[in-house]
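In: need coordinates for the below:
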Amino acid sequence: MDSESYFYNCSKPYAHSISPTLYEEITDSVTRLSKRDTQSQINKDLFWMLTSKGWNFDTAPAGIDSNPPADLHTEKLNLSEIRQLNNRDICLTSTNQSAKWHADFGKSFERGIVQVEAQFSKIEAMFKDFCGFRIAYAERRLALGIEIVLSDPYRYFAHRRNAIGGMANFRIAKDTLTTIGLDCPIWLVDIRE
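Out: Predicted coordinates for the structure are as follows:
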C-alpha cells in the first residue's frame, strides 16, 4: 500500500520531536499492509502492525487469530503475549470526564501520549475521533492524535461499493479539519493502493 500525510497544527518535524521513530512506525505500518477485502481485515492487520511496535490497544478486533498473518512479516508475538503487555489506560480519551471512551491505539512518550484512530467506518465516527483527540489535548495528556483513513474507499472496495456508503475518507477528513478549527495537533494518514 501507499500513503499520504496531512499535518494539522503540527508537522513531520513535530512528530520527530515526540520520537525520532514515530513517523516511520506509522508510515511503515500503513505501507506494509496488504490489500484486503473488508474493513475488519484491515483493522486486524493494523492491530498486528502497531502492537508489534509496542503500541497499546483498546480492544482486539473481533475474530482475530492468535498469531499475525505471515504476509505482514511482523515480530512473532502472539495475542496472549500482546494482551499481557497491553496498558489500555494509554488509549483512554479522558481521565477527568465521565465519558470514558478509548482511542484504538496509544503509546506513551516523554512529551505525552500519542493516540491512533483507524477509521474505516462512517464519517460521523471520524468526528468522535477528533473530539477524543481534543479532549485528551485539553487535559494536557495528548502530544499528537493520528487518524488513519482510506484515500478512496469506493476505489479500494470497488467489489462491494453498496456496503461502504458514507465511509470516512482522506479528502473529507482533511476538509473537516481545516473547517472545524480544532487547536490540537492531528496527523492525518491515508491508505491508498
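
In: what's the longest helix anywhere in the chain packed up against?
Out: Assignment by DSSP state H gives helix 123-138 as the longest helix of the chain. Applying 3 or more CB pairs under 8 Å, 6 or more residues apart in numbering; DSSP states H and E, one finds that helix 123-138 makes contact with strand 112-118, strand 142-150, helix 170-180. Bear in mind the C-beta positions are built from the backbone N, C-alpha and C, glycine included.

In: quick one: mean pLDDT for that helix?
Out: Mean pLDDT, helix 123-138: 93.

In: any weak-confidence spans in this protein?
Out: Along the chain, segments meeting pLDDT under 70 span 156, 158-164.

In: what sits closest to residue 143 if chain neighbours are left out?
Out: Nearest non-adjacent residue to residue 143, counting by CB to CB, 6 or more residues apart in numbering: residue 112, 3.5 Å away.

In: go ahead and confirm residue 29 touches residue 50.
Out: Yes - assessed by CB atoms under 8 Å, residue 29 is found in contact with residue 50 at 5.7 Å.

In: just how off-centre is the longest helix of the chain within its chain?
Out: Mean C-alpha position of helix 123-138 versus that of the full chain (CA atoms, centre = their mean, to the nearest Å) differs by 12 Å.

In: okay, angle between that helix and strand 112-118 too, please.
Out: For helix 123-138 against strand 112-118, the angle by axes from the mean of the first three to the mean of the last three CA atoms, to 10 degrees is 180 degrees.

In: residues making contact with helix 123-138?
Out: Here helix 123-138 makes contact (CB atoms under 8 Å, 6 or more residues apart in numbering) with 93-94, 97, 99, 101, 103, 113, 115, 117, 119, 142, 145, 147, 149, 166-168, 172-173, 176-177, 180, 182-186.

In: check which residues of that helix are buried.
Out: Buried residues in helix 123-138, defined by neighbour count with 16 or more other CB atoms under 10 Å: 126, 129-130, 132-137.

In: what do you get for stretch 10-27?
Out: In stretch 10-27, counting by 16+ other CB under 10 Å, buried: 10, 14-15, 18-19, 22-23, 25-27.

In: likewise for stretch 172-189?
Out: 173-174, 176-177, 182, 184-189.

In: list the contacts for residue 30?
Out: 1, 3, 46, 49, 148, 189, 191.

In: for the second one, which three-state class applies?
Out: Under the three-state scheme (DSSP: H, G, I helix; E, B strand; the rest coil), the conformation of residue 3 reads as strand.

In: kindly report the same for the third one.
Out: What three-state DSSP gives for residue 46 is helix.
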